[in-house]
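In: Need coordinates for the below:
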Amino acid sequence: MIDMGIFSGLLLVSDFDGTLIGSDKKISGENLEAIRYFTENGGLFSGATGRTQFNLRMYLEGLPLDTPYILYNGACLYDFSAGTMLRMMPLKREPIMSIMNAIMARFPSVCIHLYTPRDLFLVNPLGREDWHLTVEKQSFQQGDAGQIGEPWIKMLFFEENELLRKIQAIIAEADKSGDYHTFFSDETYLEVTRRGVNKGSALIELKEELKGKVRKVIAIGDYLNDLEMLEQADIKVAPMNAHPKIKRLADHITAPHDSHAIAALIAWLERSVKQSR
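Out: Numbering: from 1, shown residues only. Below you'll find the predicted structure:
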């Protein structure tokens with residue numbers, strides 16, 4: 001039976017922090033109700049975030065989970081309905097481990113996150129406290145990177161922006177083979193994934209997973225780590241609070257994240273679909 005809902009064939013992919021999630025660290029009832037309306041009328045919804053399957057769970061209640069989500073800023077495509085990773089693109093361990101050790105020696109205050117499929121490790125014993133982990137009550141372990149045998153999905157450096165830019169330059173200089181992709185997901189977060197791995201590359205994989213079900217992709221995000229994802233979308237959307245580069249790329253600017261950005265976007269989509277009929 002063909003679904004004739006008004007949003008049939010549309011895939012909406014939303015960033016979480018700064019987009020779907022407000023500054024109160026909650027998803028508004030208005031956003032949840034709008035997403036429910038979107039999916040009940042034929043649309044498909046997916047999330048795209050730097051978060052993991054563990055620290056995203058607190059936000060999943062009320063969200064549809066029948067479409068895979070993009071996690072770890074594109075290094076993983078995750079099926080919450082089955083509890084499995086459909087795709088994982090881990091880091092090449094060398095030279096990033098040697099680069100990381102050199103960075104720790106030069107900048108001992110930097111907090112370094114190392115993500116595996118099952119855990120988050122903090123691998124610089126002298127690193128400053130990342131207050132985000134405390135606020136969100138995220139579990140983590142202190143670890144020695146050289147002793148972590150599981151695949152490294154991504155690495156994250158937490159520090160002041162000026163110092164992180166120096167670290168980014170060090171990685172670029174040392175990465176002779178171009179094995180890594182570095183990007184800012186926040187002013188104080190510099191992330192490292194495998195070369196070619198980002199939310200945009202994961203969106204390409206997601207579209208392949210949903211082949212035959214999607215005729216148009218709408219993507220919304222607020223920060224620089226959303227850039228490649230928006231470039232892969234048919235309709236590029238930014239909330240009013242987005243980074244200037246993201247807003248310049250966007251086809252449509254919607255309400256800010258503290259004013260139910262996703263609900264406003266879905267209302268706009270509905271008007272657009274009706275006007276095109």
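In: got the end-to-end distance for stretch 58-77?
Out: Start-to-end span of stretch 58-77 (Cα to Cα, to the nearest Å) is 18 Å.
In: Repeat that for stretch 229-247.
Out: This stretch, stretch 229-247, spans 13 Å end to end (Cα to Cα).
In: Rounded mean pLDDT for it, please.
Out: Averaged across stretch 229-247, pLDDT comes to 98.
In: And the strands in the chain, which stretches?
Out: 10-15, 44-48, 69-71, 76-79, 84-88, 111-115, 120-122, 141-142, 154-158, 180-186, 189-194, 216-220, 235-239, 252-254 (DSSP state E).
In: Out of those, flag the one nearest residue 21.
Out: strand 10-15 (8.9 Å; Cβ to Cβ). Every residue, glycine included, has its C-beta placed from N, CA and C.
In: Can you show me the CA trace of that closest one as CSV?
Out: The C-alpha trace of strand 10-15 is given here as CSV (Å, rounded to 0.1, in the frame of the first residue of the first chain):
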residue,chain,number,x,y,z
LEU,A,10,10.7,13.2,2.8
LEU,A,11,13.6,12.4,5.2
LEU,A,12,14.2,15.0,7.9
VAL,A,13,17.7,14.8,9.5
SER,A,14,18.2,17.0,12.5
ASP,A,15,21.3,17.9,14.5
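In: what's that strand in contact with?
Out: 20, 35, 38, 42-49, 67, 70, 199, 203, 206-207, 210, 213-223, 226, 229, 233, 262, 265-266, 269 (Cβ atoms under 8 Å, 6 or more residues apart in numbering).
In: now do stretch 193-207
Out: With Cβ under 8 Å, 6+ apart, stretch 193-207 has contacts from 11, 13, 15, 46, 48, 67-68, 70, 72-77, 86-87, 89-92, 153-154, 178-181, 183, 214, 217, 219, 221, 225-233.
In: Just the buried ones from these?
Out: 11, 13, 15, 46, 48, 67-68, 70, 72-77, 87, 89-91, 153-154, 179-181, 183, 214, 217, 219, 221, 225-230, 232-233 (16 or more other Cβ atoms under 10 Å).
In: quick one: contacts for the spatially most central residue of the chain?
Out: Centroid check for the chain by Cα atoms, centre = their mean gives residue 49 as the closest residue, at 2.0 Å. The contact partners of residue 49, taken as Cβ under 8 Å, 6+ apart, are 15, 16, 17, 56, 69, 70, 71, 73.
In: For residue 185, see how far away it is.
Out: 9 Å (Cβ to Cβ, to the nearest Å).
In: what bits of the stretch 101-250 of the chain have low per-residue confidence?
Out: Of all residues in the stretch 101-250 of the chain, none has pLDDT under 70.
In: overlap in contacts of residue 49 and residue 185?
Out: In contact with both residue 49 and residue 185: residue 73, using Cβ under 8 Å, 6+ apart.
In: right, and residue 267 touches residue 34 too?
Out: Yes: the criterion here is Cβ atoms under 8 Å, and residue 267 meets it with residue 34 at 7.2 Å.
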